[in-house]
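Q: Sequence and predicted model, in that order:
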Amino acid sequence: MMFAAHPSIGCLLNLVLLLPLVSSFNLISHNPTPFKTTALHASTHKLVLLRHGESTWNNENKFTGWHDCPLSEKGVKEAQQGGTLLKDAGYKFDKCYTSKLQRAIKTLYLGLEFSEQLSTPVVHDYRLNERHYGGLQGLDKQQTVDKYGKDQVMIWRRSYDIPPPECDKNSPEWPGNDPLYSDIDPSKLPLSESLKTTKERFMPLWTDVIVPEIKAGENILIAAHGNTLRALVMHLDGIPEDVITGLNIPTGVPLVYELDENMKPVQMEGRIEPLSGRYLGDLDEIRERIGAVANQTK
């Protein structure tokens, strides 16, 4: 005997069949991956900047520049913490850039290790090296203040376009005497640099190489130095010369930028002016680190 299905039974069956789809939709809508919730809007590109952890010469309060000193114990921990912050926030990278100096290289690899992505391709480029401090490299910062006066040292250290005294070409501090740069045209190796000339050295790498990769959809991490990163954020945020000279970037703290299709930064919640990007981590602790950099020459 055949029975006709009651209309209410058909509706009930349809509802049962739809429940898995509704459940899946809710999972997708309300539980997105950490990358999507903490990192970017769909229409923007990701860029993360990471200043190397404290070096041994940072700890000794010396002008470091291109001198290839290692990370201090504190610097190793800072780099590890930076990697953990990247992991917790869900950031993944397609490619990384760093300098030729071991403090930045070690920071990058520790960051990748602690964010569980050591297989990410890495490019080493001397154009990401720190500003060359010329004849000041290796000198104690406070002793230099005592000798030359705070005003003069601050001009050398913080003016935009006035470099410190040049080092001698016979000095071990000139990169032309370092086998690490034997493949570079000696005329491109500095005797001393200002922030202006550091920016001029770095920007072709940014404009000609990194920007096209970001526009192609690659997520990039740059692990570099205080002055090369200052040069980059100056460009990104349009920071004036008289403001950028007072900007301090803390060691070992990831700085996240969202860039629109024209490579202009999107202002992010929790940013510290004049930057549009935001640091990962506790903002009070980050402000303390920024102050510690500023106090290196009292």
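A: Structure received. Numbers count the residues shown, from 1 in each chain.

Q: ok, for the most centrally placed residue in the chain, nearest residue in space, not its chain neighbours?
A: Geometric centre of the chain, nearest residue: L49, 1.5 Å, by CA atoms, centre = their mean. Computed as CB to CB, 6 or more residues apart in numbering, the closest residue to L49 that is not its neighbour in sequence is L255, at 4.4 Å. Glycine gets a C-beta too; all of them are placed from N, C-alpha and C.

Q: now swap in I214 and tell me
A: Nearest residue to I214, sequence neighbours excluded (CB to CB, 6+ apart): H45, at 5.0 Å.

Q: hang on, I105 in a helix?
A: Yes: under DSSP: H, G, I helix; E, B strand; the rest coil, I105 sits within a helix.

Q: quick one, what contacts it?
A: Applying CB atoms under 8 Å, 6 or more residues apart in numbering to I105 gives the contacts T98, S99, H124, A223.

Q: what's the answer for I290, then?
A: Neighbouring residues of I290 by CB under 8 Å, 6+ apart: N248, I249, P250, I272.

Q: For these, give me CSV that also has pLDDT and distance to S171.
A: Shown next, in CSV, are the contacts of I290 (pLDDT from 0 to 100; distance: CB to CB, whole Å):
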residue, pLDDT, distance to S171
N248, 93, 28
I249, 95, 28
P250, 95, 30
I272, 96, 38
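
Q: one step back: pLDDT value on the residue nearest to the centre of the chain, please?
A: Listed pLDDT for L49 reads 98.

Q: Which residue ranges of this structure form strands?
A: With DSSP state E, the ranges of strands along the chain come out as 45-51, 95-98, 122-124, 220-224, 255-259, 278-279.

Q: I'd like the average pLDDT over the third one.
A: Put plainly, it is strand 122-124. 98.

Q: Please apply the same query to the fourth one.
A: Mean pLDDT, computed over strand 220-224, is 98.

Q: now the angle from that strand to strand 45-51?
A: If you take axes from the mean of the first three to the mean of the last three CA atoms, to 10 degrees, strand 220-224 sits at 20 degrees to strand 45-51.

Q: Run through the neighbouring helices and strands of strand 220-224.
A: In terms of contacts (3 or more CB pairs under 8 Å, 6 or more residues apart in numbering; DSSP states H and E), strand 220-224 is packed against strand 45-51, strand 95-98, helix 102-114.

Q: Name the spans of the stretch 151-298 of the chain whose pLDDT lies under the cut-off.
A: Scanning the stretch 151-298 of the chain for pLDDT under 70 picks out the ranges 293-298.

Q: what about the helices in it?
A: Shown for the stretch 151-298 of the chain, the helices assigned by DSSP state H, counting those that start in this stretch span residues 195-205, 211-215, 226-237, 241-244, 283-294.

Q: Rebuild those helices as a markdown table, extending it with distance to Q80.
A: A markdown table is the format used below for the helices of the stretch 151-298 of the chain (distance: least, CB to CB, whole Å):
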| stretch | distance to Q80 |
| --- | --- |
| helix 195-205 | 26 |
| helix 211-215 | 26 |
| helix 226-237 | 19 |
| helix 241-244 | 29 |
| helix 283-294 | 15 |
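
Q: how about these, which one is nearest S276?
A: Closest approach to S276 among those (CB to CB): helix 226-237, 5.4 Å.

Q: between the closest one and helix 283-294, how many degrees?
A: Using the same axes, to 10 degrees: helix 226-237 against helix 283-294 is 120 degrees.

Q: quick one on the thing from earlier: pull the most distant pair out of the contacts of I105.
A: Applying CB to CB across the contacts of I105, the maximum distance is between H124 and A223, 10.3 Å.

Q: Neighbour count for those two, which is higher?
A: In this view H124 and A223 are compared by other CB atoms under 10 Å, and A223 has more residues nearby, 31 against 15.
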